[in-house]
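J.: Need the 3D shape of this:
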Amino acid sequence: MSPHDTPEARWQAALIASIENRADGDFDSAGLGAYRNNYRVGLIDALAFIYPVVKALVGDDFFTGLAREYVKRTPSQSGDLHRYGATFGDFLRDFEPARELPYLADTARLEWLAHRAYYAPDAAPLSPDAFATLAEDDWPRLRFAFMPGCAVLASDYPVGRLWHYHQPGAPEDWRLNPDAGGDAVRVSRGVDGRAQVKLLSEADAAWLAALLAGEALEAATDAALGIDPAFDLQTALIALIHDGVLARLVLPEGDRP
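T.: Residues are numbered from 1 along each chain as shown. Predicted coordinates for the structure are as follows:
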């Protein structure tokens, strides 16, 4: 018998379904009230922890309303609350009361990437010395494996600047119009262990997105140069090395140390 098909497992699954308010089953609905409330409050608190910028933008009461509606529609799929809320950005995009604030969805997507980067598995970044093993002919076909949690996001809204404005130590007298143009950002875990959000040019973002998708260095660079003929490959590559977001070099015949 499968460990997931024992009487105990079926009872636990039925209890979880009842707590999530999908069905009362054989349980006393009145007795489940406290558990259901604690379950929902826990998920709402998790969303507030993951999405503090969204919360700051809309205010506590409106955020609680958004989170409550999201929790109604989106049951948790894991006992780890850090995994909950991945689709909050999509929810904000489609939720009618939030449509007057169109930048919220991408702000939430950025915050989820930052959250994911912070909790990404530990790994050792690539040493700059690894490039010394490369022959000249290797460079065009070179690919990179990235550190866990590294991602790029391009938005029509200034979500990178909004994120930075709401971080500790941001200038109190700085104000940003949410309609002040779009941002492209790289999200990763910094060398200090915290989530890092770096603003990128359109060309840098296209270059990084191509590399993250597994494109070779030459193809990714051509894409960037097609956007901006002044794109500087050396500067862009040094930034990746300096910020510790590369994990290893990859060539067609295998990995190089």
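
J.: make it CA atoms for all contacts and neighbour counts henceforth
T.: Noted.

J.: Where do the strands of this protein begin and end?
T.: Applying DSSP state E to the chain gives strands spanning 143-146, 151-155, 183-189, 195-200, 246-251, 254-256.

J.: Pick out the residue closest to the middle of the protein.
T.: L113 (1.2 Å; Cα atoms, centre = their mean).

J.: how far away is that residue from L249?
T.: 24 Å (Cα to Cα, to the nearest Å).

J.: low-scoring stretches of the chain, by residue?
T.: Scanning the chain with the threshold set as pLDDT under 70 gives 1-38, 171-176, 253-257.

J.: domains of it?
T.: Domains of the chain are assigned by automatic domain parsing as 1-101, 124-257.

J.: could I get those domains as a markdown table with mean neighbour count and distance to A108?
T.: Shown next, in a markdown table, are the domains of the chain (neighbours: other Cα atoms under 10 Å; distance: least, Cα to Cα, whole Å):
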| stretch | mean neighbour count | distance to A108 |
| --- | --- | --- |
| domain 1-101 | 15 | 5 |
| domain 124-257 | 17 | 9 |
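
J.: Ok, which of the ones you listed comes nearest A117?
T.: The minimum distance between A117 and those falls on domain 124-257, with 4.1 Å, by Cα to Cα.

J.: mind checking how far the closest one is from the chain centre?
T.: Centre-to-centre, domain 124-257 and its host chain are 15 Å apart (Cα atoms, centre = their mean, to the nearest Å).

J.: quick revisit: the domains of the chain: which one's closest to T107?
T.: Of those, nearest to T107 by Cα to Cα is domain 124-257, at 5.3 Å.

J.: And the helices in the stretch 101-250 of the chain?
T.: Along the stretch 101-250 of the chain, the stretches classed as helices by DSSP state H, counting those that start in this stretch are 103-118, 159-165, 202-212, 217-227, 233-242.

J.: Is it possible to get those out as JSON lines so that each row also shows distance to G89?
T.: Formatted as JSON lines, those follow (distance: least, Cα to Cα, whole Å):
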{"stretch": "helix 103-118", "distance to G89": "4"}
{"stretch": "helix 159-165", "distance to G89": "12"}
{"stretch": "helix 202-212", "distance to G89": "20"}
{"stretch": "helix 217-227", "distance to G89": "28"}
{"stretch": "helix 233-242", "distance to G89": "27"}
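
J.: Nearest residue to A195 in space, please, no chain neighbours.
T.: Nearest non-adjacent residue to A195, counting by Cα to Cα, 6 or more residues apart in numbering: R189, 4.5 Å away.

J.: likewise P140?
T.: Using Cα to Cα, 6+ apart, the nearest residue to P140 is E218, at 4.5 Å.

J.: Which residues are in contact with that neighbour?
T.: With contact taken as Cα atoms under 8 Å, 6 or more residues apart in numbering, E218 is in contact with 139-142.

J.: Please identify the one among those that lies nearest to P158.
T.: P158 lies nearest to L142 out of the contacts of E218, by Cα to Cα, at 32.4 Å.

J.: Check whether P102 really touches D94, as I assumed.
T.: No: shown here, P102 and D94 do not form a contact pair, counting by Cα atoms under 8 Å, at 9.8 Å.

J.: picking that back up, could you dump the domains of the chain into TSV and include distance to A117?
T.: Supplementary listing: the domains of the chain in TSV, determined by distance: least, Cα to Cα, whole Å:
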stretch	distance to A117
domain 1-101	12
domain 124-257	4
